[in-house]
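[1] No sequence on hand, only this structure:
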């Protein structure tokens, strides 16, 4: 599988924010979001076997692992990698863009599916696989990256219409401008988490963190 980078940091997003985590960023993506902040992961990287990836992860001696991209599920080996990590008692967060099916992933208490719903500003909303929404479990999370009021209203509509059985997270494009998002959530009385991107608060726009 094509690995763009592997590094140790703290989780910057979602329910496990702040926890020391090994990040495995896979190269390549089937979407082209207008505001993508990891465009460098669209290409390049090093071809690694599953054994090499596992050895690299285990070398950090950290329980939490995040598979990100790009788009991890674009790689045929991703489900096997997830299963191998779970067998070794890792807690795995899979960050996926919502356009590829999550059916068939292991039903395991230590697998957290962190799925995006791409709002209109991304230019990719038409690619969302709505069937995924009903497959999310209470321990998973659904993330909306929002750029403007249209995005916020669309996120609210998706939640009210589809009612996924997991927490929802609103994060502004860029990860830091929280006030307009908070104002909208409070005004509409939405039961969602408004979260920054912690790594950008700490290090700014840097790779490998």
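    Sure, I can see it. Just so you know, these numbers come straight off a predicted model, no measurement behind them.
[2] In the protein, where's the longest strand?
    strand 2-10 (DSSP state E).
[3] Each with direction, which strands does that one pair with?
    Strand 2-10 has the following strand partners under DSSP bridges: strand 20-26 (antiparallel), strand 46-47 (antiparallel).
[4] quick one: average pLDDT of that strand?
    Mean pLDDT, strand 2-10: 97.
[5] sorry, back to before: pick the most buried one from the strands paired with strand 2-10.
    Ranked by mean neighbour count, the strands paired with strand 2-10 are led by strand 20-26 with a mean of 22 (mean count of other Cβ atoms under 10 Å). Just so you know, the C-beta spots here come from the backbone N, C-alpha and C atoms, and that holds for glycine as well.
[6] Can you give the contact residues for that one?
    1-11, 38, 41, 45, 53, 56-57, 60, 62, 64-72, 74-75, 78, 93 (Cβ atoms under 8 Å, 6 or more residues apart in numbering).
[7] For these, which ChimeraX command selects only the ones that are buried?
    Those of these that count as buried under 16 or more other Cβ atoms under 10 Å are selected in ChimeraX with:
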select :1,2,3,4,5,6,9,10,11,41,45,53,57,60,64,65,66,67,68,69,70,71,72,74,75,78,93
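[8] Would you state the helices of this protein in chain order?
    50-58, 78-87, 149-162, 179-188, 198-203 (DSSP state H).
[9] Lowest average confidence across these, which one?
    Minimum mean pLDDT among the helices of the chain: helix 198-203, a mean of 91.
[10] and that helix, how far from the chain's centre?
    Its chain's C-alpha centre lies 16 Å from the corresponding centre of helix 198-203 when counted by Cα atoms, centre = their mean, to the nearest Å.
[11] Name the residues of that helix that are buried.
    Buried, per 16+ other Cβ under 10 Å, within helix 198-203: 198-200.
[12] helices or strands up against that helix?
    Where contact means 3 or more Cβ pairs under 8 Å, 6 or more residues apart in numbering; DSSP states H and E, helix 198-203 is packed against strand 2-10.
[13] quick revisit: now tell me what touches the longest strand of the chain from outside.
    So strand 2-10 is contacted by 17-28, 40-41, 44-48, 53, 56-57, 60, 62, 69-70, 75, 198-199, 202, 207-209 (Cβ under 8 Å, 6+ apart).
[14] on that earlier part again, so which of the strands paired with strand 2-10 gets nearest residue 184?
    strand 20-26 (29.2 Å; Cβ to Cβ).
[15] Find me whatever residue is spatially closest to residue 209, sequence neighbours aside.
    Of all residues not flanking residue 209 in the chain, residue 203 sits nearest, at 4.5 Å (Cβ to Cβ, 6 or more residues apart in numbering).
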